[in-house]
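> Curious how this folds, go ahead:
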Amino acid sequence: MSITIYHNPECGTSRNTLAMIRNAGIEPLVIEYLTNPPSRAELQDMIRQARLTVRQAIREKGTPFSELGLSDPAFSDDQLLDAMLAQPILINRPFVKTELGVRLCRPSEVVLEILPSPQQRAFSKEDGEIVVDAQGRRVE
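Here you go, the predicted model:
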């Protein structure tokens, strides 16, 4: 069973997602994408498998998105991908790949849709929000 997370340790959502993977008893391959970004083909494939558009996979907050004028609809998907690869902070996070699919885990509990193992114990996010109860069931 191979699970990969494209992770930013400075991001709470990414940290929560990683913790939920580990709460399922799985140690994933952790790729810190800011220093080791995916290739263009890998990024395109993750976006496609997650059923997103390139625009949905680009991060606006805390990035040079506005300064680069990337909200302009004249930018093509290829141009947006170029920007994301040139400045990986523009790649939204965290992307998680498992044998069950690929998801952009925003919010972090989206990862539960593609984990092959159940949660082993209760889990709360860093902000205290309860996501999984003591029986390993998702709290809605």
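> which residues in this protein form strands?
Assigned by DSSP state E, the strands in the chain fall at 4-7, 29-32, 95-98, 101-104, 123-124, 130-132.
> how about those in TSV, adding mean neighbour count?
Where C-beta positions appear, they are placed from N, C-alpha and C, glycine not excepted. Output for the strands of the chain, formatted as TSV (neighbours: other Cβ atoms under 10 Å):
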stretch	mean neighbour count
strand 4-7	23
strand 29-32	15
strand 95-98	25
strand 101-104	18
strand 123-124	18
strand 130-132	18
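> and the ones you listed as CSV, adding distance to R48 and mean pLDDT?
Below are the strands of the chain laid out as CSV (distance: least, Cβ to Cβ, whole Å; pLDDT from 0 to 100):
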stretch, distance to R48, mean pLDDT
strand 4-7, 15, 98
strand 29-32, 18, 98
strand 95-98, 12, 98
strand 101-104, 8, 98
strand 123-124, 30, 96
strand 130-132, 28, 95
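> which one of those lies closest to L85?
Closest to L85 of these, according to Cβ to Cβ: strand 4-7, at 13.0 Å.
> now the strands of the chain in TSV, with distance to S71?
Output for the strands of the chain, formatted as TSV (distance: least, Cβ to Cβ, whole Å):
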stretch	distance to S71
strand 4-7	23
strand 29-32	27
strand 95-98	22
strand 101-104	19
strand 123-124	35
strand 130-132	32
